[in-house]
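Asker: predicted model follows, preceded by the sequence.
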Amino acid sequence: MFKSQLKKYTTEDFWKVIKDDVAEATRDDVEQYRDLVLNPFSHYNTERHEIKTELANAISAVKALKTELSKL
C-alpha cells in the first residue's frame, strides 16, 4: 500500500510486508516484544528486573531482525 508521506507509515505497515521473509524464531520474538517496546506504559519503571530482561530480549530480537533483513 502506497502512502504519499513517509510519516503516514506505521510499524505495522512495515511488519506486514517483511514478517513472512524472516525466520520463524525471529518473527515470533519480534511479535512477542513489539507491544512491550512500542507501549510507553511498559517503561514506567525500567529498573525492575523483569522489565530490564524483557527490554534486553527485545533488543536481541531487533538485532536478529536487522541481521536477517541485511541478507535479503
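Answerer: Nice, thanks for sending it over.

Asker: can we go C-alpha only for contacts and neighbour counts from here?
Answerer: Will do.

Asker: buried sites along the one helix or strand residue 52 maps to?
Answerer: Assigned by DSSP states H and E, residue 52 falls within helix 49-70. Residues 51, 54-55, 57-58, 61-62, 64-65 are the ones in helix 49-70 that count as buried (16 or more other CA atoms under 10 Å).

Asker: what of stretch 3-14?
Answerer: Buried residues in stretch 3-14, counting neighbours by 16+ other CA under 10 Å, are absent.

Asker: average model confidence for it?
Answerer: Stretch 3-14 shows a mean pLDDT of 89.

Asker: first to last residue in that stretch, what's the distance?
Answerer: 12 Å (CA to CA, to the nearest Å).

Asker: ok, and what's touching it?
Answerer: The contact list for stretch 3-14, computed with CA atoms under 8 Å, 6 or more residues apart in numbering, is empty.

Asker: then stretch 24-40?
Answerer: Contacts for stretch 24-40 (CA under 8 Å, 6+ apart): 19-20, 42, 54-55, 57-58, 61-62, 64-65.
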